[in-house]
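Undergrad: Quick one, fold the following:
(2 chains)
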Amino acid sequence: MRILLVEDDPMTVEFFEAALEADGHQLAIERDGPAGETRALAEEFDLILLDVWLPERSGIAVCRALRNAGIQTPIIAVSASVLAEEVAQTREAGFTDFVAKPVSPAALRAAVRFSRPDEQR
Amino acid sequence: MAVPLRVLFVEDQETDLELLVLELRRGGFDVAHQRVETPDAFVAALDGQGWDLILCDYNLPHFSAPAALALVKEKQIDLPFIVVSGSTREEEAVVALRAGAHDFMVKSKLSRLLPAIDRELRDAESRAERKKTQKLLIVAARDYDELQRASTARLSLMFGKVPVILYTYAVEESGRFRFTSVNPAFLMATGLTEDAVVGRLVDEIVPEPSLSLVLGKYRDAIRDRATVRWIETTAYPTGTKVAEVTITPIFDGAGRCTELFGTVYDLTEIRQIKEELRASEEQKEEFAVLNRRLAEATQAKSEFLANMSHELRTPLNAVLGFSGLLEEQLAASLTERQLRFLRNIRDAGTHLLDLINDVLDLSKVEAGKVELRPEIVSLEALLEPVTATMREAAQAKSLTLEVSAVTGPGLLLDATRVRQVLFNLLSNAVKFTPSGGTVTLRASLDGGDLLIEVADTGIGIPGDARDRVFGVFQRLHEGRVNASGTGLGLAITKRLVDLHGGTITFESEEGRGTTFRVRLPHVGSQPVGGERVLLVEDDRRDADLIVALASSHQLRVEVARTLADARAALQRRAPLGVLIDVRLPDGRGEELLRELKASQATHSVPAIVITVEAEPVAALALGADDYLTKPIDRARLERWLALVARRRDALNSDGAGDDAHSPR
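TA: Numbers count the residues shown, from 1 in each chain, chains lettered A, B, ... in the order given. Take a look at the predicted model:
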């Protein structure tokens, strides 16, 4: 799967890369909101992993913009905040799923695997 | 017109009488008369009729005018009495008039008779009038005296009883003030006797510095001709009193001040009460400030914890993530010991995460930020996810987990939170029960209350720790390794039960085991009727969103997580509407939709499918009203919920109509 990871924390980037590349996925990395949005609009991805708390532009705003631009790609919110109201916000913004940090490598892979409509559980 | 006149004649000569009557008739009187000539007859006649006039001869054989007058006087009768004499002797006239006759005339000269009668009748009338007035005056005077006596008595009673110091001074020519009266309250306060005060000058009784003050005030009152009042602190033998003092000057007809009337009203108690009131008012304000600060602090704490939780999760993500990756990648090449080190990192990280979650949860409950989201759920569906997890944990420790639950109608409660309670109690029970033991979960309904009992055959809670069971960070088993617990589970559990309006109790015997009992009131046997929407959805987060939106339409939701649960729910009672996720753990939602539309009981129930497909042709062909793609479009969901709510209202009003027309 070609996956766009928009994440500013270098350690999380390295962890996600290691965990997902082991499953055969290819990752493109962007480290802030605007860059992630530009990349997502410019290229075709199978999945976007989008941190909610990003510098310059929040993941919520980026996701909303992408959905408004007609991007149908599954987008998973990745956040260290698990407050109910924030989870609700991500769902309204058009995220497909929500992954709470910390996440184990196995759980991360599972979330990625289930993100595609054609994948059965 | 003739004036009626009743005349009593004292006359022995019938002819003279006739003469007189003729004269009276000539004067326009309608005469009624009686003639007497003896004292006895006279007295009897007087006692009888109300006469207007007595005409009396002077000399009669057995009577006389003076004798008749004496009788009239004796009887205290006031009637015009005219003496008509046969002779003209002057001394007779003098005697008669002295004896009380009103007039005297001789029979030969009756020309004066009529004017005299006129005059005398008028005089008698005004005399009677005067007498009546006098009588009234006498009565009034008597009443007044009585009233005054009574009011004086009342005044002196008040003077004696009223708990206000009262006293009067005579103001002497020299301008000195001498006590003329004091009441018992005065004597009580000063400790003096009446004799020691009354008759003395104010200078002799009131010491300085009060004396100068009061003398000044007395002069002010006299000068201004008005009551003067002031507040005074006085040291009485019975204690220092704060009092309101008044002095009122009394003036005589000449405008000279002759008396002073003084009162002293003790304010000490009122002051004290006011003081206390002010203190309690201040205290209340202090409490309000404290409360506000506490709320602010709780809010700040809650925000701080939320931020801290966020900040801690990011590094934890690295700790757990990289240790997980290392374990995966190096599992084959590491020694058992090195692998244990890695797992220690992971376990410690997980424990830290549990702590963060629990602290956050507790602070949310304490800050009142946890809102219950009641949904309708069957007891089996409530327990199933918890027992599934706990069965594994119990097996890992070689424990037996026994579950006994009644099957019953829907419960209305926040299933997520109640499961959290169950999970906390069961994991504690598993944790503190040695291998081979038994953990028992019993759930039953008592009226509308849900009773949950979690019993174990574990180590029990030490007696001295029982007060702290629901406290925060309480380690009830000193010296015991307890790395897997956060010390917050029971504190959260208690608060969640409180939030449900329930109670939690326990009994424990060291070495024998512990039993926790939870009672959640008014959750069972909900009058569900058709009044619920069935949601068939295994994703907790989507379910939460739908339950929350439905509750804004006053729709209750029963959540079924599998096709099997959904079928059971449909069997119980037809719902108002059905939301079906297409992908379910035990099959496809379309199957359920087909069954729904095929059944007579449910074919008219509105249904909507939740899917990730762009257009679920199959579901729509099967009769779904609409579909929702994930992520769920709130507006579209709300439209459908509004439709269901309208259907409910229509059903309800129909039902009411049927009842109203029901003949029996």
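Undergrad: my guess is B:L401 contacts B:T389, does it?
TA: No. Using CB atoms under 8 Å, B:L401 makes no contact with B:T389, being 10.5 Å away. C-betas here are computed from N, CA, C, even on glycine.
Undergrad: Against chain A, how distant is B:G100?
TA: According to CB to the nearest CB, to the nearest Å, B:G100 stands 119 Å off from chain A.
Undergrad: Find me the pLDDT at the closest residue in space to that residue that isn't next to it in sequence, would you?
TA: Of all residues beyond its chain neighbours, the one nearest B:G100 is B:L69 (4.8 Å), with distances taken as CB to CB, 6 or more residues apart in numbering or on different chains. B:L69 carries a pLDDT value of 90.
Undergrad: Pretty sure B:L69 sits against B:F81.
TA: Yes. If you go by CB under 8 Å, B:L69 and B:F81 touch, sitting 6.4 Å apart.
Undergrad: Give me the common contacts of the two.
TA: Common neighbours of B:L69 and B:F81, using CB atoms under 8 Å, 6 or more residues apart in numbering or on different chains, are B:56, B:100-101.
Undergrad: Who has more neighbours out of B:L401 and B:T389?
TA: Ranked by neighbour count (other CB atoms under 10 Å in any protein chain shown), B:L401 and B:T389 place B:L401 first, with 20 against 15.
Undergrad: Name the SS class of that one, please.
TA: Classification of B:L401 by DSSP: H, G, I helix; E, B strand; the rest coil places it in strand.
Undergrad: same deal with B:F473?
TA: Assignment for B:F473 (three-state DSSP): coil.
Undergrad: can you count the residues close to it?
TA: Look at B:F473: counted by other CB under 10 Å, it has 11 neighbours.
Undergrad: quick one: the residue nearest to it when sequence neighbours are not counted and chain A, what's the gap?
TA: Spatial nearest neighbour of B:F473, excluding adjacent residues (CB to CB, 6+ apart): B:G487 at 4.2 Å. For B:G487, the distance to chain A equals 21 Å [CB to the nearest CB].
Undergrad: what about the nearest residue to B:V106 once chain neighbours are set aside, which helix or strand?
TA: In space, and not counting its chain neighbours, B:V106 is closest to B:T88: 5.0 Å by CB to CB, 6+ apart. Element membership for B:T88, per DSSP states H and E: none, as it lies in no helix or strand.
Undergrad: What about the shared contacts of B:L69 and B:F81, which are in helices?
TA: Assigned to helices by DSSP state H, none of the shared contacts of B:L69 and B:F81 qualify.
Undergrad: Quick check: ChimeraX command selecting the buried ones in the residues you listed.
TA: Applying 16 or more other CB atoms under 10 Å in any protein chain shown to the shared contacts of B:L69 and B:F81, the buried members can be selected in ChimeraX as follows:
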select /B:56,101
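Undergrad: for chain A, which residue is closest to the average position?
TA: Nearest residue to the geometric centre of chain A (CA atoms, centre = their mean): A:L49, 1.4 Å.
Undergrad: Tell me how far whatever helix or strand that one lives in lies from the chain's centre.
TA: Element membership for A:L49, per DSSP H and E: strand A:47-51. Taking CA atoms, centre = their mean, to the nearest Å, the mean C-alpha location of strand A:47-51 is offset from the chain mean by 1 Å.
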